[in-house]
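Chemist: Sequence and computational prediction follow.
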Protein chains: 2
Amino acid sequence: MNERKSIERPYLLFLGDAHDHLAAKTARGIVDWRRDWCLGQVRLEGCNASAGVDDVTVAEAAKQGARTLIIGVANRGGIIPDHWQDTLSEALDLGMDLASGLHMRLSDIPVLRDKAAAKGATLFDVRHPHREFPLGSGAKRAGKRLLTVGSDASVGKMYTTLAIEQELKARGVSADFRATGQTGIFIAGDGVSVDAVVSDFVSGATEWLSPANAPDHWDLIEGQGSLFHPSFAGVTLGLIHGAQPDAVVLCHEPSRTHMRGLPDWPLPDLKECLAANLSAARLTNPNVFCAGVAVNTSALDDAAAASVLSEISDAMELPCVDPMRGGVAAIVDRLL
Amino acid sequence: MNERKSIERPYLLFLGDAHDHLAAKTARGIVDWRRDWCLGQVRLEGCNASAGVDDVTVAEAAKQGARTLIIGVANRGGIIPDHWQDTLSEALDLGMDLASGLHMRLSDIPVLRDKAAAKGATLFDVRHPHREFPLGSGAKRAGKRLLTVGSDASVGKMYTTLAIEQELKARGVSADFRATGQTGIFIAGDGVSVDAVVSDFVSGATEWLSPANAPDHWDLIEGQGSLFHPSFAGVTLGLIHGAQPDAVVLCHEPSRTHMRGLPDWPLPDLKECLAANLSAARLTNPNVFCAGVAVNTSALDDAAAASVLSEISDAMELPCVDPMRGGVAAIVDRLL
C-alpha cells in the first residue's frame, strides 16, 4: 500500500516530560490497542504521566530489540524541545528509527537529520504526508468499507474503529484498520494524516488509503472531525466521499456540552447528524447504511451509561454500544 | 489584508505558445474583467490564442511602465517549460515582477529565483499559499458576505461573482471581490487558492480572506468546486463554513451532461443542490438565503437561453440570469 516502509516494531514509547495524562494520550492509545508492540516507556524528569508499561532506558530498550522510538507525548504548538534531543539522538545511535506525530518535523532538526542519514535510520513525521495523492475519482472499487463519523471531533472514532477491527478479526472476517490521524498511524504502522493533506486531495488520499480489495474484505477507516464542526467539516466530507463507505458508525460523547473548542456551538441532534452523513455518503455509495451508534460513556457510572445507551438506541432505532464498556458485537452483527 | 504586497499593475500578459483559446483562459479572464490593467500581450512562436489586447515586446511593455508579467497560459501538468525562461528573465531584467498560477513554482527555477533576488523583484506563485492560516473559528463577524456555489466545478462562479461586484459598485454599494482561485487572484490583485490550502485550514483561510468589515459592506467570495463533485466537495464545504455567507448564488451550466472530469456522474437536481448548500451554510449563518441562480448559457442561442432561464426561474422561484448576457441586476435587486 505504501512506498514508504511501515513503522517497525517493537516500539519504545517516549513520554518526555508530559505534564499530565492527557499529554500522553498518544502513548496510551498505542498501549491500549497494541500492547504487544510496546517494549517499554522512557520518561524524563518532571513527567507526570504513564502509558502503563515498564520504564526502561534507551540502552535497555535497544538491547531488547526496540526498533522505533515513538514520541508519544503532545504539547502546545507541537514542538520538539531541545531537551528531548539527547534521548532521541541516543536512540538513533543505538540503531532505532524515530517517529513523531507532532507538527514540528524530526527531519527539520539538523542534528537528528544528519545522524539518521549517517546511521541509515528513518525519521517518520507522520503528521505530514510523505507523498502526493491523486484527485479523488469517485470510481467504485471492490471490497467493503466502513467509516466512523461523529457528532463532534474527538468523540471516540478511532477507538470505535479499532474495536470493530478486533471484533471482525475475532469472528474470522478479513479486515484492516486504516489510520487517518497520528495515533492511528502508530497503531496501524502506516496511514495518512488526512487533515494535513492539501484540501484538493483529501478524497483522493482516502481512496489511496483504502484501495480495491477482496469482495468480502472490510477496510475500517478512522473518521476525522464532524460535518457539524465549522473548523473541520471540509476534511470530514472529503473523507466521506473518498471512503465510499458501505457502512457508517455514528460516534458520540453524551456529556459534551458544546462542540470541541467552540463554547458557543451546541452539538447537533443525533438524527439530523446521521441523516446529513448518510446524505453526503450517498454521493459515492448510494447503498450506504448505518451499522450503529458508538457512545463514549467514560464520564458516566454503569447505570447512567446503560440508560443513555438504551435511550439513544430507542430514539435512533439502531444498535447503540460503548465499545470500551460492552464491546461492539451488536454493531458487527448488524454490519454482517 | 495581506502581509504580502498585492500584485502591481499594469500587467503584461504572457501567452507563451498556448495551443488553443482554452489554454489562454487565464489571460482572457483578466482582460474580461480588468482590461484597463492590461498593457498588452506577449506571444511566442506557435501561439494559437489571443487575449484580445495589443501584441507588445517585453521591452516595449517595460518602456510603457508594465509592473508585472502574468503567466496567462495553462498547460497539462502546470509546468513552466525551459523555452519560456528567456522571456521571463527579460521581464525581470527590465524591472518587472513575475506572477504565475501554475503548479510548478517560479521560485523553484534557480535562474529566476536568483535574478529576482538580485533585482529586488517579487515572484508571485499564487497557486501556493504564501502564509499559514488559523483554524476556522465559526465566530460571527461584521459585514455582509455572498458566496457563489455550483451544481458542478467550472460553471461560471468567478464570472458571476465579478458581475455582482460590478453591479453593486455601479449602484454605489461598498463591495469587494474575494478571490479563491488563480485567475481570480490576478483579477483581485490578491487572494488565496483555497484548494491548495492544507485541508484543516480551508475554513480558517476563508475567514481570513473575508474578515470583519463595515456593516453594509459586501464581500463577494468566489466559490470553488461543488458539494456534489466527489473530488472537490470537501474544499467547497470548508469554503461555505468559512465564508459564513448571508447570501449564496447558485451557478449552473445547463448543457453539461456529466460532472466535470467524471463521465459517469450526472449533475445534481438544482433544487436538491441548493437545499444541500443552504443546509451546509446554516451551520455558520442560520439566516443564509439564496439571492438567485446564475446560468452560463454561452452554448445556447438567444431563444434557447431565454427559455432555459425562464424555466429555471419558475422551477426555483428565484431570479435566474446569465451574467454575461443580461447582467445580474435581478440577483442584486433581491440581494439588497
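Modeler: Thanks, I have the structure now. Remember, predicted model here, so these are calculated numbers, not experimental data.

Chemist: from here on, contacts and neighbour counts on C-alpha atoms
Modeler: OK.

Chemist: Buried ones in stretch A:142-152, by neighbour count?
Modeler: A:143, A:144, A:145, A:146, A:147, A:148, A:149, A:150, A:151, A:152 (16 or more other C-alpha atoms under 10 Å in any protein chain shown).

Chemist: and after the helix or strand the fourth one falls within, which helix or strand comes next?
Modeler: It stands for residue A:146. Assigned by DSSP states H and E, residue A:146 falls within strand A:144-150. Once the chain leaves strand A:144-150, the next helix or strand it forms, by DSSP H and E, is helix A:157-170.

Chemist: Excluding its own residues, what touches that next one? List them.
Modeler: Helix A:157-170 has contacts (C-alpha atoms under 8 Å, 6 or more residues apart in numbering or on different chains) with A:33, A:147-150, A:174-177, A:184, A:220-224, A:251, A:294, A:323-324, A:327-329, A:332.

Chemist: now it, how far from the chain's geometric center?
Modeler: Here helix A:157-170 is found 12 Å from its chain centre; the criterion is C-alpha atoms, centre = their mean, to the nearest Å.

Chemist: Nearest to residue A:214 among the buried residues of stretch A:142-152?
Modeler: Of all the buried residues of stretch A:142-152, residue A:214 sits closest to residue A:143, with 5.1 Å by C-alpha to C-alpha.

Chemist: which residues in the stretch 151-300 of chain A form helices?
Modeler: A:157-170, A:182-188, A:202-209, A:233-243, A:270-281 (DSSP state H, counting those that start in this stretch).

Chemist: Take the buried residues of stretch A:142-152 and lay them out in CSV including pLDDT and distance to residue A:60.
Modeler: Formatted as CSV, the buried residues of stretch A:142-152 follow (pLDDT from 0 to 100; distance: C-alpha to C-alpha, whole Å):
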residue, pLDDT, distance to residue A:60
A:143, 98, 43
A:144, 98, 43
A:145, 98, 41
A:146, 98, 41
A:147, 98, 40
A:148, 98, 39
A:149, 98, 41
A:150, 97, 42
A:151, 98, 44
A:152, 96, 42
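
Chemist: related to what we said a few turns ago, of the helices of the stretch 151-300 of chain A, flag the one that's most buried.
Modeler: Among the helices of the stretch 151-300 of chain A, helix A:233-243 has the highest mean neighbour count (mean count of other C-alpha atoms under 10 Å in any protein chain shown), at a mean of 31.

Chemist: mean confidence for it?
Modeler: Helix A:233-243 shows an average pLDDT of 98 in the prediction.

Chemist: before we move on, back to that, determine the set of other helices and strands touching the strand holding residue A:146.
Modeler: helix A:157-170, strand A:218-221, helix A:233-243, strand A:247-252 (3 or more C-alpha pairs under 8 Å, 6 or more residues apart in numbering or on different chains; DSSP states H and E).

Chemist: a markdown table for the ones you listed, including distance to residue A:306?
Modeler: Shown next, in a markdown table, are the helices and strands packed on strand A:144-150 (distance: least, C-alpha to C-alpha, whole Å):
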| stretch | distance to residue A:306 |
| --- | --- |
| helix A:157-170 | 18 |
| strand A:218-221 | 26 |
| helix A:233-243 | 29 |
| strand A:247-252 | 15 |
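
Chemist: Out of the ones you listed, flag the one nearest residue A:280.
Modeler: helix A:233-243 (7.2 Å).

Chemist: by how many degrees do the closest one and helix B:233-243 diverge?
Modeler: Angle of helix A:233-243 versus helix B:233-243, following axes from the mean of the first three to the mean of the last three C-alpha atoms, to 10 degrees, is 170 degrees.

Chemist: what sits up against helix A:233-243?
Modeler: Here helix A:233-243 makes contact (C-alpha under 8 Å, 6+ apart) with A:136, A:138, A:145-147, A:194-195, A:199, A:202-207, A:210, A:221, A:223-227, A:280-281, A:283-284, B:199-200, B:202-203, B:230-238.

Chemist: at 7 Å what do you get?
Modeler: A:136, A:138, A:145, A:147, A:195, A:202-204, A:206-207, A:224-227, A:281, A:284, B:199-200, B:230, B:233-235, B:237-238 (C-alpha atoms under 7 Å, 6 or more residues apart in numbering or on different chains).

Chemist: Please apply the same query to stretch A:196-213.
Modeler: With C-alpha under 7 Å, 6+ apart, stretch A:196-213 has contacts from A:127-129, A:133-137, A:141-143, A:178, A:191, A:194, A:219, A:235, A:238-239, A:241-243, B:195-200, B:231-232, B:235.

Chemist: how far out from the middle of the chain is it?
Modeler: How far stretch A:196-213 lies from its chain's middle: 15 Å, per C-alpha atoms, centre = their mean.

Chemist: Stretch A:57-76 too?
Modeler: For stretch A:57-76 - counting by C-alpha atoms, centre = their mean - the centre lies 20 Å from the chain centre.

Chemist: and the strand holding residue A:146 with strand A:247-252, angle?
Modeler: Using the same axes, to 10 degrees: strand A:144-150 against strand A:247-252 is 20 degrees.

Chemist: What pairs with strand A:144-150, parallel or antiparallel?
Modeler: strand A:218-221 (parallel), strand A:247-252 (parallel) (DSSP bridges).
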